[in-house]
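**Q** My questions concern the predicted model and sequence given below.
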Amino acid sequence: MGAAVQLTKVSKTFGDLQALAPVDLSVDSGEVVTLLGPSGCGKTTLLRLVAGLEHPTAGVITVDGDSPSAARSGKRIGFVPQAPALLPWRSVRANAELLLDVNRGSSRSTPGATVDDLLDAVGLGDFADARPHELSGGMQQRVGLVRAFALDAPLLLMDEPFAALDELTRADMRHLLTRLREPSGATVMFVTHSVSEAVYLSDRVVVLSPRPASIVDVQTIDLPQPRSADMEDAEPFFQATVSLRRALTGGPS
Amino acid sequence: MKLARSLAAPTLGIASFLLAWEALVRAFDIRRFVLLAPSQILSTLVEDPAAYWGNTLVTARHMIVGLVIALAVALCAGSAMAASRFAEEAAQPVLVAIMVTPWVAYMTSVVIWLDFGERPIIFLVAFTSFPVFTFGVVGGMRSADPAARELLASVDASKWEVLWRLRLPSALPSIFTTGRFAVALSLAAAYFAEGSSLQQRGLGVIGRRAALDQTGGAEVLWTTIFCTAALGIAGLVLLSVAERFLLKWHASQRS
């Protein structure tokens, strides 16, 4: 079951720099919402605010009615950073277990899939005892996904996790992400600047303006769930892509 | 076979060095106090190996105990400095002052303060080597991957967990690097402090006594110098072995 996220008039300023104009956004339980915007527009800031890693200058954020800090200390947020951030001294399995190992008191008593099951599911079963440096970039990011999913958190926050990967690997990763999320139905907020990634993954796409980020458009992606790779070649996918690109560049939709 | 190959080059290097040394002393007929030939050092060593071995062990103990204390202090101070810029800026000039002040000069005061015996020796060893370690700890901890720090923050990891699971392992490579300097420094401090503390045993004790004996001390003096250097090399080898074992994951240890 996913968590519901509510942002009310949330803004963020760093010194003189306004990163985020007042934003209102509500994300339903189990929804996949993508934040799409140009580089440096403040979409990562928005995600970090929801994660409780930054505090808003004004406005209120709730995760299932609680503050982000409370959700964070209750380990109800699975965070996937842009870099895989694997610890080189830990094996692949130990890296995947990292978030379970820390702040143990708040770990869920009945976790979903085990780490080994998840590693199998992403095709890394044979690499469980390998070290991160023995893996390719795509494999490392798969460990990053397993690490977040192992928490069995109701909210997943992903900050351009596939940005550094080549196009083919990137497409594989979004298919994989969809499959991994299916059983838990966790809510996902996903930051990207890839239009096709946004269309493939999302129920709704929030289009942000250049800095200071504000919401310029919210588009519902009307493709059947669950998504599959062959949809990417079909006409509705193409139309959704065109529509989003127009919203992003300020052209007619 | 692999071990033999990796030992071949250093063995050849040391052998050539000793040969050149021997040749130099004989060719120029250098006075024994200025430089003693390796062959004479060896014969002095063979005359009474147990005495030199025993004194080397005493010096080794002073060095190891001092280094362990230095590392423990450096880990505490370094963690605090890595966690707070203010603490770092406040501590840095003090550490630099400790590092640049010649310990040879204040050793007498340390002996008067801590009395004769082992305490001033261990104090000096620890005191001279802890700033070096501290800089290594701070630099290493600061190098911890910011994305990993953020990740740990996302599940509200405690400061202690961040230290233990991220900062400390991140600091290991630079602790090993500074460890090499600390070994050299601590050995010099141990040798000198032993000589100043009126102890009965230790390479520095017999070395100092021999240095005062202008007629027959050259053999003993140079043999203690030789033993001290051998101890330093043993320390560095031990450090390299530990590094290879503990830092298997680090780029520096991969061929």
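**A** Yep, it's here. These figures come from a predicted structure and were not determined experimentally. Numbers count the residues shown, from 1 in each chain, chains lettered A, B, ... in the order given.
**Q** switch to C-alpha atoms for all contacts and neighbour counts from now on
**A** OK.
**Q** any low-confidence regions in the chain?
**A** Picking chain A for this. Low-confidence segments of chain A (pLDDT under 70): A:109-112, A:251-253.
**Q** I was thinking of chain B, sorry if that wasn't clear
**A** Within chain B, the stretches with pLDDT under 70 are B:1, B:255.
**Q** Tell me which residue lies nearest the centroid of it.
**A** B:V183 (1.1 Å; CA atoms, centre = their mean).
**Q** so that residue sits right up against B:I233, yeah?
**A** No - contact criterion CA atoms under 8 Å: B:V183 and B:I233 do not qualify, at 9.3 Å.
**Q** A:L25: what secondary structure?
**A** Three-state call for A:L25 (DSSP: H, G, I helix; E, B strand; the rest coil): strand.
**Q** Excluding covalently adjacent residues, which one is nearest to it?
**A** In space, A:L25 comes closest to A:L7 once its chain neighbours are excluded; the distance is 5.0 Å by CA to CA, 6 or more residues apart in numbering or on different chains.
**Q** Return the backbone torsion pair for A:I61.
**A** Per-residue torsions, A:I61: phi -120, psi 130 (degrees, to the nearest 10).
**Q** Is it correct that the residue nearest to the centre of chain B falls within a helix?
**A** Yes - counting by three-state DSSP, B:V183 falls inside a helix.
**Q** if I pick it, what's in contact with it?
**A** B:63, B:67, B:129, B:232, B:235-236 (CA atoms under 8 Å, 6 or more residues apart in numbering or on different chains).
**Q** Which part of the stretch 1-150 of chain B gets nearest to chain A, residue-wise?
**A** B:A148 (5.0 Å; CA to the nearest CA).
**Q** can you tell me how far that residue sits from B:L166?
**A** Taking CA to CA, to the nearest Å as the measure, B:A148 falls 8 Å from B:L166.
**Q** Check A:L176 too.
**A** From A:L176 to B:L166 the distance is 29 Å (CA to CA).
**Q** who has more neighbours, those two?
**A** Between A:L176 and B:L166, counted using other CA atoms under 10 Å in any protein chain shown, the more crowded position is B:L166 (19 against 15).
**Q** Quick check: closest non-adjacent residue to A:V102.
**A** B:A157 (5.8 Å).
**Q** which element is the residue nearest to A:L25 on?
**A** According to DSSP states H and E, A:L7 maps onto strand A:5-14.
**Q** What of A:D217?
**A** Using DSSP H and E, A:D217 sits within strand A:215-220.
**Q** Please identify the buried residues of that strand?
**A** Across strand A:215-220, burial judged by 16 or more other CA atoms under 10 Å in any protein chain shown covers A:215, A:218-219.
**Q** Now the element after it, going C-ward?
**A** helix A:235-249.
**Q** For that next one, buried residues please.
**A** A:237, A:240-241, A:243-245, A:247-248.
**Q** Just put these in JSON lines and tack on distance to chain B.
**A** As requested, the buried residues of helix A:235-249 are exported to JSON lines (distance: CA to the nearest CA, whole Å):
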{"residue": "A:F237", "distance to chain B": "33"}
{"residue": "A:A240", "distance to chain B": "33"}
{"residue": "A:T241", "distance to chain B": "31"}
{"residue": "A:S243", "distance to chain B": "34"}
{"residue": "A:L244", "distance to chain B": "30"}
{"residue": "A:R245", "distance to chain B": "30"}
{"residue": "A:A247", "distance to chain B": "31"}
{"residue": "A:L248", "distance to chain B": "28"}
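**Q** Neighbouring strands - and their directions - for the strand holding A:L7?
**A** If you go by DSSP bridges, strand A:5-14 pairs up with strand A:17-27 (antiparallel), strand A:58-63 (antiparallel).
**Q** for whatever helix or strand comes next after the longest one, the distance to its chain's centre please.
**A** Same thing as strand A:17-27. Of the helices and strands lying after strand A:17-27 in sequence (DSSP H and E), the nearest is strand A:32-36. Put simply, strand A:32-36 sits 8 Å off its chain's centre (CA atoms, centre = their mean, to the nearest Å).
**Q** partner strands of strand A:32-36, parallel or antiparallel?
**A** With DSSP bridges as the test, strand A:32-36 is paired with strand A:187-192 (parallel), strand A:204-208 (parallel).
**Q** And for that strand, what's in contact with it?
**A** With contact meaning CA under 8 Å, 6+ apart, strand A:32-36 is reached by A:27, A:43, A:187-195, A:198, A:201-208, A:248.
**Q** Name the residues linked to the residue nearest the centre of chain A by a beta bridge.
**A** In chain A, the residue lying closest to the centroid (CA atoms, centre = their mean) is A:M158, at 2.3 Å. Legend: beta-bridge partners of A:M158 under DSSP bridges are A:V80, A:F190.
**Q** need the residues of the stretch 51-200 of chain B near chain A, please.
**A** With the criterion set to CA under 8 Å from any CA of the partner chain, the stretch 51-200 of chain B comes near chain A through B:145, B:147-148, B:150-158, B:161, B:166, B:169.
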